[in-house]
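[1] Mind folding the following:
(one chain, ligands or ions: 1)
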Amino acid sequence: MDWGMKNRMSRIINPKTGHTVMLAVDHGYFQGPTTGLRKPGETIAPLVSYADAVMITRGVLRTSVDTGISKPIVLRVSGGTSVLKEDLSNEGITTSMKEAIRLNASAVALSIFVGAPNERQTLLSLSELVNQGEEYGIPVLAVTAVGREMVRDTRYLGLATRIAAELGAHMVKTYYCEDFEKVVEGCPVPIVIAGGKKIPEPDALKLAYNAVQAGAMGVDMGRNIFQSETPAAMIQAVRSIVQENYTPDEALELLKSLKSQEK
Ligand code: 5RP
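    Below is the predicted model:
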C-alpha cells in the first residue's frame, strides 16, 4: 500500500483505536427517499460530527452536504437498479474514479452480489474498481449485499467477504451473524458491519458491541441511526461502543441521558 492509500485509510479508521463509525446515508441510490433520509441534508448535518466517515453517493454529497465538511467521504460508486426490480444484483460502476477524486473521496464503495444472477458482473466491477483505486491510491470498500434468498450465516458471509478481499478490496462491509469471528478470521482485510433494518435500540447497540468483540473494525450504520427518534443520541451511543469500549448497558445509559437532551 502506498502513502496516499495508507493516509486515506487512516482518515477512515482511527489509527489509535483501529476502529471506525461510518455513517451510511447512501440508501437512496436504489431505495429512493428512504424513511429518515427524505431530506438528506437535514438528516446528515447534525450527525456528521459524531461519525468517523460518511458513506454517500455523489448526488447527495453535491446537493446536501456542506463543502466545509472535515470528515472523510466513502463514495458509493455502484448502482443501476431499484427496489422495484426482483433482482437487485444488476449493478455496475456509476461514478468514475476521476469524479471520486474531484469530490475528494477518501474511499469508494461498491456492492457485490455473491450467489445472485449478476454475481460475475459485480465481482468484475469490484476488480476493475480496485485496479483504478490502486492507480490513484484510493481504497475500495466492497459491500457484500445479500440477496433476498441468501442466508446470512458464516458460510455465506465468509464466502462473500473472502472473495471481496481476494479480488483486492481494502475494506469489506458485511452483515453480522452468529459466530462472526469466523467471518473475520477468513477475511484478511478490515470488516465493518451494516446495521440492517431498524431494530430496537438496545438490540442495535448489542449488535455493534458483538461485532467489535468478534473483531470487526466497526460499523457502517444507517437506518438504526437515522431512523431512531433521536439520531444524534443514537450515533453517540454507537460511537461509545466502537471507539470507547463501552458495554451495551453503558451505551444504553448514555443513550437515555442524551435522549432527554435531544428530544
Ligand atoms: C446498501 C448499503 C447501505 O449503506 C447499508 O445497508 C448500511 O446501512 P444500514 O445500517 O441501514 O443497513 O450499503 O447496500
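[2] going forward, measure contacts and count neighbours with C-alpha atoms only.
    Will do.
[3] how about the helices in the stretch 151-263 of the chain?
    154-166, 180-185, 201-213, 223-226, 231-244, 248-262 (DSSP state H, counting those that start in this stretch).
[4] For the fifth one, enumerate the helices and strands it packs against.
    Okay, so that is helix 231-244. strand 20-24, helix 201-213, helix 223-226, helix 248-262 (3 or more C-alpha pairs under 8 Å, 6 or more residues apart in numbering; DSSP states H and E).
[5] got JSON lines for the ones you listed, with mean neighbour count and distance to residue 146 too?
    Converted to JSON lines, the helices and strands packed on helix 231-244 look like this (neighbours: other C-alpha atoms under 10 Å; distance: least, C-alpha to C-alpha, whole Å):
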{"stretch": "strand 20-24", "mean neighbour count": "27", "distance to residue 146": "16"}
{"stretch": "helix 201-213", "mean neighbour count": "21", "distance to residue 146": "18"}
{"stretch": "helix 223-226", "mean neighbour count": "24", "distance to residue 146": "16"}
{"stretch": "helix 248-262", "mean neighbour count": "16", "distance to residue 146": "26"}
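[6] Just put the helices of the stretch 151-263 of the chain in CSV and tack on mean pLDDT.
    CSV is the format used below for those (pLDDT from 0 to 100):
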stretch, mean pLDDT
helix 154-166, 97
helix 180-185, 98
helix 201-213, 98
helix 223-226, 98
helix 231-244, 98
helix 248-262, 94
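[7] circling back: and the helices and strands packed on helix 231-244 as JSON lines, adding distance to the ligand?
    Output for those, formatted as JSON lines (distance: least, C-alpha to the nearest ligand atom, whole Å):
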{"stretch": "strand 20-24", "distance to the ligand": "5"}
{"stretch": "helix 201-213", "distance to the ligand": "10"}
{"stretch": "helix 223-226", "distance to the ligand": "4"}
{"stretch": "helix 248-262", "distance to the ligand": "18"}
